[in-house]
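S.K.: All I have is the shape, not the residue letters:
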């Protein structure tokens, strides 16, 4: 289906805003049309998905959500059904699914046939798509990071309570044997007195390549013929002229649309320590090194120090040092290495990304990689002594299927917005430090910066464009 011209969309928006925020609609009905789309399961055991974003990361997310046969797409929404990266797979697997360019039209026309929504689109549009679906009573899976701003994450956490729908952020490692293992290690006291955490990520995105750096917004280029509406892609943000650096993937580099490397990979690297060590929100955020700093794209290299307050006698204040780009790997003390037969010391390979946890006792360190990677204690002899608490249990579901099973009432999700929202807010605070390049003091209770009006403005950012403003007024 093609998106109506702007005049008809304006008429629709007037009705849509009233219906979505005037009251909460009932969940999807189990109609005969829905049953016909997946005859292998009865309607009571199947979730019908409305997929907002079909290419890019959705090329993996949609198959993950549907992998156990308990969910099936009934509607696809994308601004570019030809030019979006890796979109062919989903279109070939489900060729008969109805297509839309505007998620508002999709939910207006097919809302009664949709139980849950996946939101796998650029960061700056996550919030508006999620809140619209939640207000209609739809369960929502949102790719990481949850939102583009601190305030948006705050609203989605409130919305989760208000609308009582199942939620999940797409940090896939949070439903894994590695996550269950880390939770088990915390319960066994192995993470007691962690006071310093190193977190790192090698450069990989285009803006972390020196030869590709820019410091001004790119010039206007011709919009691809396959593209439906550039204003729609820009969503609540100010409209800048189209350039291929934004679509189909480069948007992540831009402060205005993306969340940089910290917003992208921080969700896969610090999620375990943030959640299970109950770090909460930081008290200070300090940019230590920002190479080629500018206010258009994120830094070439970014080193940021976070301070978190003590939580209990066994949980002291924590310094978390994030390093992405050059010189990102931490120093691994030889005393935690393994003694070899020839009396040499073998140190572990640190890899492209990970965390290293230091305890006050200094008797061992805990290291893990990213996503669902398991944690390891070094030296190895200490890990073997504590093996019962180290063995990684196997989860019952994958990250995607756990969301679907939670929608069916069979389990709960591991990264609901109540968990993912605060993690995202930590990422948002780091992004503000990357934008301003100044030391920041933050009050976790008031959720405001101390003595910095510009930083406080950036918690919400610029006002959304008029047709999107109503999404930000949740009571």
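M.R.: Perfect, I can see it now. Quantities reported herein were computed from a predicted structural model and do not represent experimental measurements.

S.K.: Residues contacting the helix or strand residue 65 falls within, please?
M.R.: Under the assignment given by DSSP states H and E, the secondary-structure element containing residue 65 is helix 58-66. When contacts are taken as Cβ atoms under 8 Å, 6 or more residues apart in numbering, the neighbours of helix 58-66 outside the stretch itself are 49, 51, 54, 71-73, 85-87, 89-90, 93, 118, 120, 141, 143, 170, 172, 398-401, 403-404. All C-beta atoms are positioned from the backbone trio N, CA, C, and that covers glycine.

S.K.: my guess is residue 171 meets residue 415, correct?
M.R.: Yes - taking Cβ atoms under 8 Å as the definition, residue 171 is a contact partner of residue 415 at 5.6 Å.

S.K.: Need the overlap of contacts for the two.
M.R.: Contacts common to residue 171 and residue 415, judged by Cβ under 8 Å, 6+ apart, are 271, 399.

S.K.: Number of residues surrounding the residue nearest to residue 230 when sequence neighbours are not counted?
M.R.: On the basis of Cβ to Cβ, 6 or more residues apart in numbering, the spatially nearest residue to residue 230 that is not a chain neighbour turns out to be residue 242, at 4.9 Å. Neighbour count for residue 242, taken as other Cβ atoms under 10 Å: 18.

S.K.: Residue 242: what's it in contact with?
M.R.: Residues in contact with residue 242, defined by Cβ under 8 Å, 6+ apart, are 220-223, 227, 230.

S.K.: Show me which pair in those residues is furthest apart.
M.R.: Taking Cβ to Cβ as the measure, the contacts of residue 242 span a maximum distance of 13.6 Å, between 220 and 227.

S.K.: Which of these two has more residues huddled nearby?
M.R.: Ranked by neighbour count (other Cβ under 10 Å), residue 220 and residue 227 place residue 227 first, with 20 against 10.

S.K.: bridging residues for that one?
M.R.: Here residue 227 shows beta-bridge partners residue 80, assigned using DSSP bridges.

S.K.: Who are the contact partners of it?
M.R.: Contacts of residue 227 by Cβ under 8 Å, 6+ apart are 79-80, 83, 233, 242, 247.

S.K.: who wins for neighbours among these?
M.R.: Within the contacts of residue 227, neighbour counts (other Cβ under 10 Å) peak at residue 79, which reaches 27 neighbours.

S.K.: pretty sure that residue is touching residue 234, no?
M.R.: No - the pair residue 79 and residue 234 fails to qualify as a contact (Cβ under 8 Å) at a distance of 10.1 Å.

S.K.: What is the distance between the helix or strand containing residue 92 and the centre of its chain?
M.R.: In this structure, residue 92 is located in helix 88-93 according to DSSP H and E. Relative to the mean C-alpha coordinate of its chain, helix 88-93 is positioned 24 Å out (Cα atoms, centre = their mean, to the nearest Å).

S.K.: a strand runs through the residue nearest to residue 230, doesn't it?
M.R.: No - per DSSP: H, G, I helix; E, B strand; the rest coil, residue 242 lies outside any strand segment and is coil.

S.K.: and it, how far is that from residue 218?
M.R.: 9 Å (Cβ to Cβ, to the nearest Å).

S.K.: Would you mind measuring from the nearest residue to residue 228 once chain neighbours are set aside to residue 76?
M.R.: By the measure of Cβ to Cβ, 6+ apart, the closest residue to residue 228 outside its immediate chain neighbours is residue 101, 3.8 Å from it. The span separating residue 101 from residue 76 equals 10 Å under the rule Cβ to Cβ.

S.K.: quick one: contacts for residue 150?
M.R.: Residues 425, 428-429, 432, 447, 459-460 are the ones in contact with residue 150 under the rule Cβ under 8 Å, 6+ apart.

S.K.: What of residue 47?
M.R.: 70-72, 115-116, 139, 404, 407-408.

S.K.: May I see these organised as JSON lines, with secondary structure, pLDDT and distance to residue 348 added?
M.R.: Below are those laid out as JSON lines (DSSP: H, G, I helix; E, B strand; the rest coil; pLDDT from 0 to 100; distance: Cβ to Cβ, whole Å):
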{"residue": "70", "secondary structure": "coil", "pLDDT": "97", "distance to residue 348": "39"}
{"residue": "71", "secondary structure": "strand", "pLDDT": "97", "distance to residue 348": "39"}
{"residue": "72", "secondary structure": "strand", "pLDDT": "97", "distance to residue 348": "43"}
{"residue": "115", "secondary structure": "coil", "pLDDT": "97", "distance to residue 348": "45"}
{"residue": "116", "secondary structure": "strand", "pLDDT": "98", "distance to residue 348": "41"}
{"residue": "139", "secondary structure": "strand", "pLDDT": "98", "distance to residue 348": "40"}
{"residue": "404", "secondary structure": "helix", "pLDDT": "98", "distance to residue 348": "37"}
{"residue": "407", "secondary structure": "helix", "pLDDT": "97", "distance to residue 348": "40"}
{"residue": "408", "secondary structure": "coil", "pLDDT": "96", "distance to residue 348": "41"}
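
S.K.: How many neighbouring residues does residue 409 have?
M.R.: One way to gauge burial is a neighbour count; for residue 409, by other Cβ under 10 Å, it gives 8.

S.K.: Can you read off the pLDDT for it?
M.R.: On the pLDDT scale, residue 409 is placed at 95.

S.K.: If I follow the layout properly, residue 117 ends up in contact with residue 131?
M.R.: No - the pair residue 117 / residue 131 is not scored as a contact, 10.9 Å apart, by Cβ under 8 Å.

S.K.: Specify which residue of these two has the higher count of neighbours.
M.R.: Between residue 117 and residue 131, residue 117 has the larger neighbour count (other Cβ under 10 Å), namely 27 against 24.

S.K.: partner residues bridging the more buried one?
M.R.: On the basis of DSSP bridges, residue 117 takes part in beta bridges with residue 50, residue 140.

S.K.: Quick one: neighbours of the spatially closest residue to residue 75 that is not a sequence neighbour, just the number.
M.R.: In space, residue 75 comes closest to residue 50 once its chain neighbours are excluded; the distance is 4.4 Å by Cβ to Cβ, 6+ apart. The criterion is other Cβ under 10 Å. On that basis, residue 50 has 30 neighbouring residues.

S.K.: Correct me if wrong: residue 50 contacts residue 109.
M.R.: No - at 10.3 Å, residue 50 does not count as touching residue 109 under the criterion of Cβ under 8 Å.

S.K.: residue ranges with poor pLDDT in the stretch 251-400 of the chain?
M.R.: Low-confidence segments of the stretch 251-400 of the chain, defined by pLDDT under 70, are absent; every residue clears the threshold.

S.K.: what sits up against stretch 280-288?
M.R.: For stretch 280-288, contacts defined as Cβ under 8 Å, 6+ apart pick out 302-309, 311, 320-321, 422, 425-426, 429-430, 432-434, 437-444, 447.

S.K.: Show me those residues that map onto strands.
M.R.: 302-308, 320-321, 440-443 (DSSP state E).

S.K.: Just the buried ones from those?
M.R.: Buried positions within these, assessed by neighbour count (16 or more other Cβ atoms under 10 Å), are 302-306, 308, 320-321, 440-442.

S.K.: which one of those residues is nearest residue 156?
M.R.: residue 442 (19.9 Å).
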